[in-house]
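Colleague: sequence first, then the predicted structure:
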Amino acid sequence: MDNTTALAADSFERKLADFLQRYPVVYQFLRFACIGFLNTALNFLILNAISKQIGVSEGLRLGLVDAFSFGAAVVQSFLWNSTWTFGNDQGLSLLKNFIRLVLVGALGVLAVVLVLFGSHYSASAVFYALLLLVFLVMEVVFWKVFGFKFSGWGHQVQDFAVFVVVTLIGWGINVSLIAIVSLHLHLTHTDLDKNLAAVVATAISLFWNFIGYKVIVFKK
């Protein structure tokens, strides 16, 4: 029975590996989605830390704060996507790649959940600033463990320029939606409504960004 189970597991792993090799876009999207959680978390952390500090919760002023936090997420997105999503697998096994997906996705999801938790209880700017610090430290740890390098990007200036153009379109979608939705969404109190508006805006811009990065920026 144990041998049969082991053989079945090995067969499933081979079939899954073959499937991902034939359709690399599937694994690319999974990596992109995990990085999307990281970007969303960074956006939310900066958005909440600044907006709470200056007392902004809706409208155009919130959209402007979001423009700054979204810009920080853009830089992070390029670093992760150029290195990991549209980079290479670095000869890693299916299990190790899966572990990376779980770690990266979990960090982003946990950070977003903590932001929403904090917003539900109207946490202070200090709460979000501390979360941001821990979040950034964990990202650095992941880069070290994964063996990613910050060198060799000098030749990618043109790629980054195109990346910015594509992202700016997504940014326009994101900022417009968060400004509009936050004015009309009044389900609970201002802190939680603000973050729900950010969720809607981020989800819609996510699909535009992946298509743009795949077809335009990192096409091969």
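Modeller: That came through fine.
Colleague: and stretch 45-53, how far from the chain's centre?
Modeller: Stretch 45-53 has its C-alpha centroid displaced from the chain centroid by 18 Å (Cα atoms, centre = their mean, to the nearest Å).
Colleague: now swap in stretch 79-90 and tell me
Modeller: Offset of stretch 79-90 from its chain centre (Cα atoms, centre = their mean): 14 Å.
Colleague: buried residues in it, which are they?
Modeller: By neighbour count, with 16 or more other Cβ atoms under 10 Å as the criterion, the buried positions of stretch 79-90 are 79-86, 89. C-beta: built from backbone N, CA, C; applies to glycine.
Colleague: before we move on, what about stretch 39-58?
Modeller: Within stretch 39-58, judged by 16+ other Cβ under 10 Å, the buried ones are 39-52, 56, 58.
Colleague: lowest-confidence one in those residues?
Modeller: In this model, the minimum pLDDT among the buried residues of stretch 39-58 belongs to residue 58 (80).
Colleague: hang on, isn't it packed against residue 196?
Modeller: No: with contact taken as Cβ atoms under 8 Å, residue 58 and residue 196 are classed as non-touching, separated by 11.9 Å.
Colleague: common neighbours of these two, please.
Modeller: Taking Cβ atoms under 8 Å, 6 or more residues apart in numbering as the contact criterion, residue 58 and residue 196 have no common neighbours.
Colleague: coming back round to it: mind checking which of the buried residues of stretch 39-58 land in strands?
Modeller: Secondary structure of these is defined by DSSP state E; no position falls in strands.
Colleague: which residues touch stretch 69-89?
Modeller: Outside of stretch 69-89, the residues within contact range by Cβ under 8 Å, 6+ apart are 28, 31-32, 35, 38-40, 42-47, 50, 97, 100, 139, 146, 148-150, 153, 156, 159-160, 163-164, 167, 171, 174-175, 209, 213-214, 217-218, 220.
Colleague: mind listing which of the residues you listed are in strands?
Modeller: For the contacts of stretch 69-89, secondary structure assignment (DSSP E) places none in strands.
Colleague: quick one: which of those residues sit in helices?
Modeller: Cross-referencing those against helices under DSSP state H gives 28, 31-32, 35, 38-40, 42-47, 50, 97, 100, 139, 146, 159-160, 163-164, 167, 171, 174-175, 209.
Colleague: in the protein, which residue is closest to the centre?
Modeller: A centroid search over the chain (Cα atoms, centre = their mean) returns residue 36, at 2.2 Å, as the residue closest to the centre.
Colleague: what pLDDT does that one get?
Modeller: At residue 36, the pLDDT recorded in the model is 88.
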